[in-house]
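Enquirer: A predicted structure for the sequence below; I have some questions about it.
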Amino acid sequence: MHWFYPVWYHGFYGWIIPVIGLVLFILVVFLFYRILKNLIKDFNEKTSSSYNFSNDESLKILNERFARGEISEDEYKRIKSLILKN
C-alpha cells in the first residue's frame, strides 16, 4: 500500500486541480449571468424610456394644439385618454 499518498496517487495536487476548475467554472457562470442581466436591464430601460418619450411628446403636441384652439375640449380629453391608455 502507498501510505504516503492519500486517495489519489498525486497527493495534494490530485484534488486541488479539480477544485480550481470548479471555482473557474462557477466564476464563468457568474460573469455570464451578470453580463446577461445587465444587457436585459439596459434593453428594458431603453425601450421603456423611448416609449415614455413618445407619450410625453404626444401629450406636448396635444397640449399645444389645444392651447392654439385647433381642437375642442372634448377632442382634447378623448385623445388624451387614448394616449395615456397606450
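Expert: Thanks, I have the structure now.

Enquirer: helix or strand with the lowest mean pLDDT in the chain?
Expert: helix 13-68 (a mean of 85; mean pLDDT, DSSP states H and E).

Enquirer: go ahead and flag the most central residue of this protein.
Expert: Centroid-nearest residue in the chain, with Cα atoms, centre = their mean: residue 41, separated by 1.6 Å.

Enquirer: distance of that one from residue 47?
Expert: Distance, residue 41 to residue 47, using Cβ to Cβ, to the nearest Å: 11 Å. C-beta: built from backbone N, CA, C; applies to glycine.

Enquirer: what does residue 20 give?
Expert: On the measure of Cβ to Cβ, residue 20 and residue 47 end up 41 Å apart.

Enquirer: which SSE is residue 70 in?
Expert: Using DSSP states H and E, residue 70 sits in no helix or strand.

Enquirer: now it: phi and psi?
Expert: phi -70, psi -30 (degrees, to the nearest 10).

Enquirer: report how many residues lie close to it.
Expert: Counted with other Cβ atoms under 10 Å, the neighbours of residue 70 add up to 11.

Enquirer: can you pull the contacts of residue 37?
Expert: For residue 37, the contact set (Cβ atoms under 8 Å, 6 or more residues apart in numbering) is empty.

Enquirer: got it, and residue 83?
Expert: 55, 58-59, 62.

Enquirer: isn't residue 62 up against residue 79?
Expert: Yes: the pair residue 62 / residue 79 is scored as a contact, 5.7 Å apart, by Cβ atoms under 8 Å.

Enquirer: what sits in contact with each of those two?
Expert: residue 71.

Enquirer: picking up where we left off before, the residue nearest to the centre of the chain and residue 31, how far apart?
Expert: 16 Å.

Enquirer: would you check how far apart residue 74 and residue 60 are?
Expert: From residue 74 to residue 60 the distance is 20 Å (Cβ to Cβ).

Enquirer: just how off-centre is stretch 77-86 within its chain?
Expert: 29 Å (Cα atoms, centre = their mean, to the nearest Å).
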